[in-house]
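Participant: please work out how this folds:
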Amino acid sequence: MVIPQPSTDELKTYRKELKEWKTVNNIVAGVILGAISDDVQHIIDPEEPAKDMYNKLKAEIVKQSSGSSANGTRIELVYKKFKDTSRTPR
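Facilitator: Residues are numbered from 1 along each chain as shown. From the prediction side, this is the model:
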């Protein structure tokens with residue numbers, strides 16, 4: 001069985017798309033890390049892809065979803081974000 005090798009153009013396209021994906025992933029991971037409170041940072045690994053971070057945080061909210069606790073966690077995450085941005089000098 002012969003496995004076809006990608007062409008030079010296909011490799012260039014792949015490398016360009018991979019670089020773009022890594023850039024976007026790093027931005028989203030930074031947003032997630034900046035938006036969560038210290039109380040839940042232990043749930044995620046800062047080195048993992050942003051999608052994995054999101055899925056772990058979502059699973060934690062579902063796990064705590066005894067109604068008000070899930071809502072409280074969401075409010076805590078939003079409050080943390082607004083609290084941090086309000087300290088930023090304009």
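Participant: list the contacts of the spatially closest residue to Gln41 that is not a sequence neighbour.
Facilitator: Spatial nearest neighbour of Gln41, chain neighbours left out: Leu33 (7.6 Å); criterion: C-beta to C-beta, 6 or more residues apart in numbering. C-beta coordinates here come from the backbone N, C-alpha and C atoms, glycine included. With contact set as C-beta atoms under 8 Å, 6 or more residues apart in numbering, Leu33 has these partners: 41, 44, 46, 53.
Participant: distance of Leu33 relative to Asn55?
Facilitator: Counting by C-beta to C-beta, to the nearest Å, the gap between Leu33 and Asn55 amounts to 15 Å.
Participant: hmm, back to that, out of the contacts of Leu33, which are buried?
Facilitator: Buried members of these, scored by 16 or more other C-beta atoms under 10 Å, are 44, 53.
Participant: could I get the contacts of Leu33 as CSV with secondary structure, distance to Ile3 and pLDDT?
Facilitator: Conversion of the contacts of Leu33 to CSV gives the following (DSSP: H, G, I helix; E, B strand; the rest coil; distance: C-beta to C-beta, whole Å; pLDDT from 0 to 100):
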residue, secondary structure, distance to Ile3, pLDDT
Gln41, helix, 43, 87
Ile44, coil, 37, 90
Pro46, coil, 36, 90
Met53, helix, 34, 93
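Participant: tell me, what residue is most central in this protein?
Facilitator: For the chain, the residue whose C-alpha lies nearest the mean C-alpha position (C-alpha atoms, centre = their mean) is Ala50; its distance is 3.0 Å.
Participant: that residue contacts Asn25, doesn't it?
Facilitator: Yes: Ala50 is in contact with Asn25 according to C-beta atoms under 8 Å; the separation is 5.1 Å.
Participant: quick one: which of the contacts of Leu33 is nearest Glu17?
Facilitator: Taking C-beta to C-beta as the measure, Met53 is the one of the contacts of Leu33 closest to Glu17, at 21.4 Å.
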